[in-house]
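Engineer: Below are the sequence and a predicted model for it; my questions follow.
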Amino acid sequence: MPKVKILDYLVSDFYSVDADFRTTLEEAIQHDSNIHIITLNMEHLHLAEKMPEFKRILTNAEFLIPDGESICLLARILAKQKIKKIAGIDLAEKLINSYSRIAFLGAEKTVSDSLRNLLTLKYSSVSISSNSEALNSSKEFLFEHGFYEKNQEESVIERIVNFNPELFLVALGSPAQEFLIAKYRHLFKNTVMIGVGGSFDIFAGKLSRAPKLFIKLKLEWLFRILQEPKRLGRFLSNLKNFLFLLLKSF
Ligand code: UDP
């Protein structure tokens, strides 16, 4: 997959690849035995400036995917390359469709429970054989909600490791999800791991995805602020950090 250098990071240009993403991941997994995908945004870049251990996580991840117009703009200005944003939630959906054994960690218990119901319903099909009717689910899922005590973390992870997922989605918010993956990734074999922020809330219908028009106009961030006004502070500080990073790199 072509990569674009932005500051100290190699960001994958997902949309310039013809082959499907699953093939690319399978090729990579043979070398690395598991894969950490980070859906890169301004908050990550800023945190990495302040925290060397977070910077190490970013540089050790097999794939950094541009999840934000600011990352695409940085590629345009600093690397003179045009890359297209891929929203973490879209990537999560693609991955869920591609893999069969999937572990979901994160979100409130009610959200995690409704996601379980929704996905079980979506991927279960009734197959009718000559004399019996069987419920035949083509996928296997494991769900763990994200509001456990710190001292329960290891047993939560142990259950997930024992499940042996092909895909492990972590929705604990950033940077907790990236730290958790980095801490435990050595326990997994042939697993694709990705932090997906608030995606489970959207999948389960607790929050809404921006309408297509907002996405087309590259205004998904505005919809998220309108839906959750407490995000405004985060947005303004990202904007400040974006301008600061830009000035610093000239
Ligand atoms: N969350 C969780 N456990 C926690 C804190 C948060 O499972 O201890 C979940 C929360 O319910 C939400 C997600 O993490 O589903 C965070 O979503 P957000 O959109 O804030 O992610 P970010 O934008 O920080 O990546």
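Structural biologist: Great, that's in hand.
Engineer: Pull the number of nearby residues for residue 152.
Structural biologist: 11 (other C-beta atoms under 10 Å). (C-beta placed from N, C-alpha, C; glycine too.)
Engineer: helix/strand/coil for it?
Structural biologist: helix (DSSP: H, G, I helix; E, B strand; the rest coil).
Engineer: Could you pull out the buried residues of stretch 74-93?
Structural biologist: For stretch 74-93, the neighbour count (16 or more other C-beta atoms under 10 Å) marks 74-75, 78, 81, 83, 85-92 as buried.
Engineer: So of those, which two are at opposite extremes in space?
Structural biologist: Using C-beta to C-beta, the pair of the buried residues of stretch 74-93 lying farthest apart is 78 and 92, separated by 27.5 Å.
Engineer: Show me what secondary structure element comes after the worst-scoring helix or strand of the chain on mean pLDDT.
Structural biologist: Here the helix or strand of the chain ranked lowest by mean pLDDT, DSSP states H and E is strand 133-137, holding a mean of 48. Per DSSP states H and E, the first helix or strand lying C-terminal to strand 133-137 is strand 140-144.
Engineer: In PDB, list the C-alpha atoms belonging to that next one.
Structural biologist: Extracted as PDB, the C-alpha positions of strand 140-144 are listed here (Å, rounded to 0.1, in the frame of the first residue of the first chain):
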ATOM      1  CA  GLU A 140     -18.700 -15.600  15.600                       C
ATOM      2  CA  PHE A 141     -18.700 -12.600  17.900                       C
ATOM      3  CA  LEU A 142     -17.500 -11.800  21.400                       C
ATOM      4  CA  PHE A 143     -18.600  -8.700  23.200                       C
ATOM      5  CA  GLU A 144     -17.100  -7.000  26.200                       C
END
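Engineer: Flag every residue of this protein that's near the ligand.
Structural biologist: Neighbours of the ligand within the chain, by C-beta under 6 Å from any ligand atom: 106-108, 146-147, 171-174, 197-198, 200-201.
Engineer: Go again with 5 Å.
Structural biologist: 106, 107, 146, 172, 173, 174, 197, 198, 201 (C-beta under 5 Å from any ligand atom).
Engineer: can you pull the contacts of residue 172?
Structural biologist: The contact partners of residue 172, by C-beta atoms under 8 Å, 6 or more residues apart in numbering, come to 105, 106, 146, 180, 195.
Engineer: Which residue would you name as the spatial centre of this protein?
Structural biologist: residue 196 (3.2 Å; C-alpha atoms, centre = their mean).
Engineer: I figured that one hits residue 39, correct?
Structural biologist: Yes: between residue 196 and residue 39 there is a contact at 7.3 Å, judged by C-beta atoms under 8 Å.
Engineer: just checking, what packs against the helix or strand hosting residue 4?
Structural biologist: Residue 4 is part of strand 3-6 when elements are defined by DSSP H and E. Secondary-structure packing of strand 3-6 (3 or more C-beta pairs under 8 Å, 6 or more residues apart in numbering; DSSP states H and E): strand 9-12, helix 69-78.
Engineer: Counting neighbours, show which residues of that strand come out buried.
Structural biologist: Applying a neighbour-count criterion of 16+ other C-beta under 10 Å, one finds 4, 6 buried in strand 3-6.
Engineer: picking that back up, looking at the contacts of residue 172, which one is closest to the ligand?
Structural biologist: residue 146 (2.0 Å; C-beta to the nearest ligand atom).
Engineer: pretty sure the closest one is touching residue 105, no?
Structural biologist: Yes: Residue 146 is within contact range of residue 105, at 6.4 Å (criterion: C-beta under 8 Å).
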